[in-house]
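Visitor: sequence plus the predicted model coming up.
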Amino acid sequence: MKDVKKQKPTTESRRRFLSLLGVASAAGIALPLLPRKQGPKELSLKEADFYRPHDLAG
Amino acid sequence: MRQVTCELCPRGCVIPEGGAGDCRIRVNLNGKLRATTYGRPSAIHIDPMEKKPLYHFRPGSPVFSIATAGCNLHCLNCQNWQLSQRGGEEMEQVYRADPPDLVKTAKEKGCESIAYTYSDPVVFYEYVYDSSELAHRAGLSNVFITAAYINQKPLRRLCRVLDAANVDLKGFDDGFYRRTTGATLQPVLDALVTFREEGVWIEVTNLLIPTLNDDLAMIRRMVRWIRDELGEGTPLHFSRFHPQYRMRNLPPTPSEALDRARNEAMDAGLKYVYVGNVMGHEGGSTYCPTDGTPLIRRAGFWITENNLTADGRCPTCNEKIPGVWK
Amino acid sequence: MVAWIGHWHQRELRFLGLLVITGLIIGLYLSESLRIAGQEGTGWRTIDLEALQQRIETGELSEREADWYHPARPDEVSGIAGGSPK
């Protein structure tokens, strides 16, 4: 079995890890900023399906 | 900070600029309170009147039923929580249905009434009021399906344009109200009396939740209050609980508990006591309190037999059955 | 013990400081949440105001002025237990 403690990270592996971390952080910041449609979709009364079965009480 | 105080319901929310009331839809924008879902319902359906439930008001007629987002109660067992526990900006869809369009469409679809229902219509008060006024002018009735957590002044004004209400009396204990719904009992009782005083036809629904409000002593107090304050002819619906929303830890109400509650109410002198949410239960039908003649038989929300005379009397003994039958 | 602490580097001290700050923030958050939860109906909520205003501008929601309200009186403002949202 390999002794993990003795396996020191090389410059290359460190660079890979850091770049992966960078990409993940950038994605985390960018995703909420992407334009998206918020809130309700507006429909006219003509588009309503009045007889659609539903499970609302009352 | 131009804070405003909402006077609509007993919560009396003091709302800072940019904030919403407890109901989520009455919002303080630049020091003015805005009814943000006015004319923007998120649910529109045509239901039978029996679904509301109203059993003594235009039985079997189709009712144009609407609701917007928001509610001033936060019942742990809410069945319509996806509508009631959200603000207008959180809904997936809204319909553009200002009062004139609403009334016009209800007429076109052959409905005789508009129901303000599903969430609590108290919170979209202005929309209800304006639509109801127009509906009356167009010959439609207005029915209000509510928990009646509303202040007296707005309620008295609203009663001018309402024809019928089903009030969900959730229990007869203030502690239960506070724990389960976030509201209090007394304003609901006051509202029920006001509906009666103002001549709005009322029916009462009580959802029986195992171990929380199915105590027979509490039910006895409740039915005696209904008998004394609203009258023995007031229809009372005991409804079956199903695990929902934040109350999934309790089982559905056993049929026997509903039977016990119904017997208790009838023993106290209430004449029209129903059992809801149970298919095929005899408590879903209307019987003459004098001679037991079946007057209206129902299967679920559908009427299978209607023996009432045209003016709402028992065909056998001619007893006048309270309600609005035309 | 003293000798052991004496071996601490600045790095460990910084980490310890971070832990203390985190603990403080969690403690403050919890005590504030418990204070709000214990209040008798503080009566208002924060909402996504930007989304709401967008919807109003596009006509998807309404800005019809509500009935039944008045500008808050000083006694009402002080009566909302700190005025915290739900």
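Guide: Happy to help now that I have it.

Visitor: so where's chain A uncertain?
Guide: A:1-6, A:36-40 (pLDDT under 70).

Visitor: mind listing the strands for it?
Guide: Applying DSSP state E to chain A gives strands spanning A:41-44.

Visitor: mind listing residues that contact stretch B:236-244?
Guide: B:53, B:55, B:77-79, B:81, B:166, B:203-210, B:223, B:226, B:249-253, B:255, B:258, B:261-262, B:265, B:270, B:272-278, B:283 (Cβ atoms under 8 Å, 6 or more residues apart in numbering or on different chains). C-beta coordinates here come from the backbone N, C-alpha and C atoms, glycine included.

Visitor: buried subset of the residues you listed, written for ChimeraX?
Guide: Buried residues within those, by 16 or more other Cβ atoms under 10 Å in any protein chain shown, are selected in ChimeraX with:
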select /B:53,55,77,78,79,81,166,203,204,205,206,207,208,209,223,226,250,253,258,261,262,265,270,272,273,274,275,276,277,278,283
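
Visitor: check the secondary structure at the closest residue to B:Cys23 other than its chain neighbours for me.
Guide: Of all residues not flanking B:Cys23 in the chain, B:Val123 sits nearest, at 4.1 Å (Cβ to Cβ, 6 or more residues apart in numbering or on different chains). Classification of B:Val123 using DSSP: H, G, I helix; E, B strand; the rest coil returns helix.

Visitor: pretty sure B:Val123 sits against B:Asp22.
Guide: No - applying Cβ atoms under 8 Å, one finds B:Val123 not in contact with B:Asp22, separated by 9.1 Å.

Visitor: what touches both of those two?
Guide: Between them, B:Val123 and B:Asp22 share the contacting residues B:Asn72, judged by Cβ under 8 Å, 6+ apart.

Visitor: more crowded one of these two?
Guide: In terms of neighbours (other Cβ atoms under 10 Å in any protein chain shown), B:Val123 is the more surrounded of B:Val123 and B:Asp22; the figures are 31 against 25.

Visitor: ok, and the closest non-adjacent residue to B:Arg86?
Guide: Spatial nearest neighbour of B:Arg86, chain neighbours left out: B:Ala69 (5.0 Å); criterion: Cβ to Cβ, 6+ apart.

Visitor: residue contacts, B:Asn80?
Guide: Neighbouring residues of B:Asn80 by Cβ under 8 Å, 6+ apart: A:56-58, B:67, B:118-119.

Visitor: gap between it and B:Lys32?
Guide: Counting by Cβ to Cβ, to the nearest Å, the gap from B:Asn80 to B:Lys32 is 29 Å.

Visitor: ramachandran angles for B:Thr105?
Guide: Main-chain torsions, B:Thr105, degrees, to the nearest 10: phi -70, psi -40.

Visitor: remind me, longest strand of chain B?
Guide: When chain B is scanned for its longest strand (criterion: DSSP E), the result is strand B:201-208.

Visitor: contact partners of that strand?
Guide: Contact partners of strand B:201-208, identified using Cβ under 8 Å, 6+ apart, comprise B:53-57, B:77, B:163-171, B:192, B:195-196, B:213-214, B:219, B:222, B:226, B:230, B:234-241, B:253, B:257-258, B:261, B:276, B:323-324.

Visitor: and if you look at stretch B:185-194?
Guide: Stretch B:185-194 is contacted by residues B:9-10, B:147-152, B:155-156, B:159, B:167, B:169-174, B:177, B:202, B:204, B:225, B:229-230 when judged by Cβ under 8 Å, 6+ apart.

Visitor: helices along the chain, start to end?
Guide: Unless you meant another one, I'm taking chain A. Assigned helices in chain A, in chain order: A:11-30 (criterion: DSSP state H).

Visitor: ah, I was thinking of chain B
Guide: Going by DSSP H, chain B shows helices at B:81-84, B:99-108, B:125-137, B:152-159, B:174-181, B:186-197, B:216-229, B:255-267.

Visitor: looking at those, which is nearest to B:Gly292?
Guide: helix B:255-267 (11.8 Å; Cβ to Cβ).

Visitor: quick one: contacts of the closest one?
Guide: With Cβ under 8 Å, 6+ apart as the criterion, helix B:255-267 contacts B:206, B:208, B:210, B:214, B:216, B:219-220, B:223, B:226, B:236, B:238, B:240, B:273-275, B:278, B:281, B:283.

Visitor: cool, stretch B:271-278 as well?
Guide: Contacts with stretch B:271-278, where a contact means Cβ under 8 Å, 6+ apart, come from B:53, B:55-56, B:205, B:232-240, B:242, B:255, B:258-259, B:262, B:265-266, B:281, B:283-284, B:286, B:289, B:322.

Visitor: show me what from chain C comes close to chain A.
Guide: Residues of chain C found near chain A (Cβ under 8 Å from any Cβ of the partner chain) are C:48, C:51, C:54-55, C:58-61.

Visitor: what's the most distant pair in the residues you listed?
Guide: C:Asp48 and C:Gly59 (17.9 Å).

Visitor: more neighbours, these two?
Guide: Counted by other Cβ under 10 Å, C:Asp48 and C:Gly59 do not tie: C:Asp48 has more neighbours, with 15 against 12.

Visitor: not counting sequence-adjacent ones, nearest residue to that one?
Guide: With Cβ to Cβ, 6+ apart as the criterion, C:Asp48 has its nearest non-adjacent residue at 5.7 Å, and that residue is B:Glu89.

Visitor: what's the burial count for the one you found?
Guide: Counted with other Cβ under 10 Å, B:Glu89 comes out at 28.

Visitor: chain B against chain A: which residues are in contact?
Guide: So far as Cβ under 8 Å from any Cβ goes, chain B lies against chain A at B:42-46, B:51-52, B:64-65, B:67, B:79-80, B:83, B:88-97, B:101-102, B:105, B:109, B:117-118, B:145, B:166.

Visitor: from these, which land in strands?
Guide: Checked against DSSP E, the residues of chain B next to chain A include these in strands: B:43-46, B:64-65, B:67, B:93-96, B:145, B:166.

Visitor: okay, these in JSON lines with pLDDT next?
Guide: Putting those into JSON lines (pLDDT from 0 to 100) gives the following:
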{"residue": "B:Ala43", "pLDDT": "96"}
{"residue": "B:Ile44", "pLDDT": "96"}
{"residue": "B:His45", "pLDDT": "97"}
{"residue": "B:Ile46", "pLDDT": "97"}
{"residue": "B:Phe64", "pLDDT": "98"}
{"residue": "B:Ser65", "pLDDT": "98"}
{"residue": "B:Ala67", "pLDDT": "98"}
{"residue": "B:Gln93", "pLDDT": "90"}
{"residue": "B:Val94", "pLDDT": "93"}
{"residue": "B:Tyr95", "pLDDT": "95"}
{"residue": "B:Arg96", "pLDDT": "94"}
{"residue": "B:Ile145", "pLDDT": "98"}
{"residue": "B:Asn166", "pLDDT": "98"}
